[in-house]
Each structure stands twice: as C-alpha cells, then as structure tokens.
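K.L.:
Have a look at this fold, sequence not included:
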Ligand code: AHR
C-alpha cells in the first residue's frame, strides 16, 4: 500500500498560474489553419477559428509563447505588421515553409485578448539584433511619441499592449538554430538586448536561453557561461525537454518511460543549482526563476518530412499522435512541475494546436488528443499553493533512475476556498495500487471531482472518427473516516480528486 501524508501547513510555494502555459509557433498548421483560417466557415471576421478560441478560453491557458521556437531566430517582426496586403511572403528557413505574414504581432495580441491569455513574446536573437528586439518592445509597450510606438498607432492600434515577459531568443546553444553562437557570445548579446529593452520599458521580465536539454554536450556549462554574462540583466532562465519512448532511449519500455518525469526533476534541480552557483559568483541578492518554456512528449513526428515544409504554407508538420501512455507521462510531468513551483514561474506545454499538440483541427472541428486531459486538469484543479506531500510507495528499479515509486502524487490547496486537489499517477502497468491519504491537520469536505484516465491499451489514441477512445472515466468517490481516505488507483492510470474545504 502507498501512503500520502498531507499537512496543509506544509507547502512548497504559491502556484503561479503561468506554470501551465502553452506555446504557438509559426510552424506547420499551428497558426495558419490552426488558429487563423480566414477562409474557414468556422472563423470570425478576424479570420480566427471560433471553435479553437472557445476551446482555449475554456481550458484557461494563462500564458502563450509566440512566435517560436526555431522559427523566431530568422523572423523579422516588421514583416508581420502593417497593412496585410503589403506584407511579404517569406521563406521560413527553420522549417522550410512559406509564411504569408498575414498573422503577426497585432493579430497575436488580439487573439490572446480574445482567449484570455497573456502573451509571452519570443525575440529573434539569431539573425535579429538587440536594436530590433528593443524596437519590438517599443512597438508593443510604448504609448506614443517615438518611432516605433507611432508606427503601431499608424497601424491602427492606439493602446500599448504592456507585454511583460519576453524570451531572449530560442535554443541558441543548438547547432540547428539559425544564428547559433557560443555561450559567451549569446550571453553578451542577451545582456545588450536586455539593457536596450529595459530603457524602453523598465518593468519587463526577461528570460535568457538556457540549455536545450541534457542531451546537449554543453548542458549546464552553457547555462553557467551565459549567466556569467547576463545574470544581472535577466529574471529567468529557460529550459526545454521532449520525452520519448523510442528504442534508443527507453528501449520502448513503458515502465521506464513513465518514470521519465523524475528525469525532468533532475534537470530542473541541476539548472537551479547552476543559477544559484552564478548567483554566488556575482554576490547577487537576486534569485532567478526558471521558465520551462518547452516540454512535452515528442519523438514520432520528429524527422524527415514531418519537419520539412517543402516551401508550403501550413504544411502538416510535427503532427504527433498521442496515446494513453503519453498522457500518463504528461500527468507525471505536471506533478514534477508542481513539485518545483517554488522556482518555476513559467512553463509551456509545447505546443497548443496541431503541432505536438493537445488539440488538433480539421476543416470541420476539433479533436482532443490524449494529453489534453492531464493538461486540462492541471489548469482546472491546480489552485493556490502546492502541498509538500510526503509520499511512501512501493518501488521498482529503472536503469539510471534507481528505485522509482509506483505511485507519484502531487497536490494543491487553495487558501481562498480550502479546496484540495490531488493528482496521482500509477506507473504500475499491471497492478492497481491502494493509496491511503492521511490528513494531518484537517479533514476534507465533500468530493467535488473524481476522475481517472486509464485503459487496457497503452498505445490507444483518439482520432476524428473515434474521439473518445481515451477519455476520462468516473472514479468512485473515495470516502474519508478517522482522518484517512483510501483509494485504489487502477493500473496504468492518472487520477484527479478534488475536495471542497
Ligand atoms: O517545439 C518544436 C521545436 O522544438 C521548437 O521550434 C524548438 O525550440 C524545439 O527544438
């Protein structure tokens, strides 16, 4: 039996809603056909797909990164503003695709407002200069009376947008990145951009590019060198990670795959250690936070034609089909992010629509992929503060990770209304596990939500013809007596329970 000890006085930290943000890149069918499709009968007068907006609004996605990704490192933001008929058709050299530029900064701001999300703007520090980055900040945030703020006004947008958070480039450590450079070169460029941007708007929060992942030969050393250059000028450091269940990585072993969120935690802790090391070098009072601004499962649609747009607009790129086991790992990844909510202030599920996405579109509607559910539950039920739970569980051995608990539980509690939510992954592929929750300082109210994602076939996915193959099922409401709640988590499952205060 697994045991969870829950004491509402013991918390990890306040849960920033932006921990469950997402990402939209000019890539494949994410923007064109995905959120913007002026010829679709499902679109409004702006060309925005109404069904997509409604879905994103009701999911409650708090912050959305845009416009890339690899795309941003070759993007000239000026191509995407001003009269639509004058905007150039441009070859995007990150994904070998055509960008008509009919959707640009002002359209993204309007779309974000319509779905209730904050923009997290990416800047081109590949082919772009620090001056161009500062010009975009001025275009977006200055009221009037300067070259770029007046240009925005001339384009018909009198109100500044007040964009608060900005990413200083994307994956600049990667040889695949347009404008790739050394850590010192990038750190100096990020410092220059940050300084110029802060003259325009001192209230900005800036995120420097950290390592693209532990697979990089420069992992952590890149982060250290970059921060040695720009620590004093930035607020956060980015990290990225995509998980795979490929023969090369896990040998296709699903029980190993379901433990990979623990490897994400290792990456988070190592990156925090580097931030704090440089903090020590600098004798700085400032503590950086992390922006885990790309995370997901992604390995099937990752090579060849799945990543080459062949000079088409809106090609089918990175259209990963997600199955049950992917959704279970995404649940585990949600738990890992929650457990590090004290240092991660922004994180983005990569991505949101059509491209490695929880939501797919076709000309007549939407499809919720399997990973939609754990992500949606995090958005819906993760509230208030993250609880510092003590979890005891039987374990199994995973190479490189050691003893891995079968049961992985995270929880939140809202001080406002006393609602408690727990998110529980059962990694055991063949057996149910009983979990006893021990309420240390309070007893819960009634069960408001009790739902589970599970199934007999780990490889099952949803399709437009069969959209409910992997969907939430009702989980019998557990009862509480004597300060204890017992529940039985089915094999291969991710469960959410919410209690009233
Ligand atoms: O999200 C897809 C791609 O993955 C992004 O463009 C890039 O930043 C990462 O390598």
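P.N.:
Received the coordinates, thanks. Source: prediction; values computed, not measured. Numbers count the residues shown, from 1 in each chain.

K.L.:
For the ligand, what is the nearest residue in this protein?
P.N.:
Using C-beta to the nearest ligand atom, the single residue of the chain nearest to the ligand is residue 69, 3.0 Å away. No exception for glycine: its C-beta is placed from N, CA and C like everyone else's.

K.L.:
burial measure for that residue, as a count.
P.N.:
Counted with other C-beta atoms under 10 Å, the neighbours of residue 69 add up to 26.

K.L.:
got a pLDDT number for it?
P.N.:
Per-residue pLDDT puts residue 69 at 98.

K.L.:
so who does the closest residue to it other than its chain neighbours touch?
P.N.:
Leaving out its chain neighbours, the residue that sits closest to residue 69 by C-beta to C-beta, 6 or more residues apart in numbering is residue 25, at 3.5 Å. Shown in contact with residue 25 (C-beta atoms under 8 Å, 6 or more residues apart in numbering): 31, 66, 67, 68, 69, 70, 71, 72, 351, 355.

K.L.:
Against residue 5, how distant is residue 411?
P.N.:
To residue 5, residue 411 is 11 Å away according to C-beta to C-beta, to the nearest Å.

K.L.:
Give me the common contacts of these two.
P.N.:
residue 389.

K.L.:
the more surrounded of the two?
P.N.:
The neighbour count for residue 411 versus residue 5, taken as other C-beta under 10 Å, is higher for residue 411 (27 against 16).

K.L.:
Which residues of the protein lie near the ligand?
P.N.:
25, 68, 69, 70, 170, 171, 294, 350, 351 (C-beta under 6 Å from any ligand atom).

K.L.:
What is the burial count for the second one?
P.N.:
Yep, that's residue 68 we're talking about. Using other C-beta under 10 Å, residue 68 has 28 neighbouring residues.

K.L.:
isn't it right up against residue 24?
P.N.:
No - the criterion here is C-beta atoms under 8 Å, and residue 68 misses it with residue 24 at 9.2 Å.

K.L.:
pLDDT at the residue nearest to the spatial centre of the chain, what is it?
P.N.:
Closest residue to the average C-alpha location of the chain: residue 348 at 1.5 Å, with C-alpha atoms, centre = their mean. For residue 348, the pLDDT comes out at 98.

K.L.:
Return the distance of it relative to residue 71.
P.N.:
Taken as C-beta to C-beta, the span from residue 348 to residue 71 is 15 Å.

K.L.:
ditto for residue 368
P.N.:
Remark: distance between residue 368 and residue 71 (C-beta to C-beta) = 25 Å.

K.L.:
swap in residue 444?
P.N.:
Separation of residue 444 from residue 71 (C-beta to C-beta) stands at 46 Å.

K.L.:
Tell me the strands beside the host helix or strand of residue 412, with direction?
P.N.:
Assigned by DSSP states H and E, residue 412 belongs to strand 407-413. When pairing is defined by DSSP bridges, strand 407-413 lines up against strand 385-387 (antiparallel), strand 420-426 (antiparallel).

K.L.:
Figure out which of those is closest to residue 310.
P.N.:
Among the strands paired with strand 407-413, the nearest to residue 310 by C-beta to C-beta is strand 420-426 (39.4 Å).

K.L.:
Do me a favour and average the pLDDT over the closest one.
P.N.:
Rounded mean pLDDT across strand 420-426 is 98.

K.L.:
Same check on stretch 266-283?
P.N.:
98.

K.L.:
And that stretch, what's buried?
P.N.:
Buried residues in stretch 266-283, counted by 16 or more other C-beta atoms under 10 Å: 267, 268, 271, 272, 274, 275, 278, 279.

K.L.:
Might you report the residue contacts of residue 253?
P.N.:
Residue 253 makes contact with residue 245 under the criterion C-beta under 8 Å, 6+ apart.

K.L.:
Check the spacing between it and residue 494 real quick.
P.N.:
Where residue 494 is concerned, residue 253 sits at a distance of 19 Å (C-beta to C-beta).

K.L.:
How about residue 12?
P.N.:
Computed as C-beta to C-beta, the residue 12 to residue 494 distance reads 20 Å.

K.L.:
Neighbour count: those two, which is higher?
P.N.:
residue 494 (30 against 19).

K.L.:
Grab the nearest non-local neighbour of that one.
P.N.:
residue 331 (3.5 Å).
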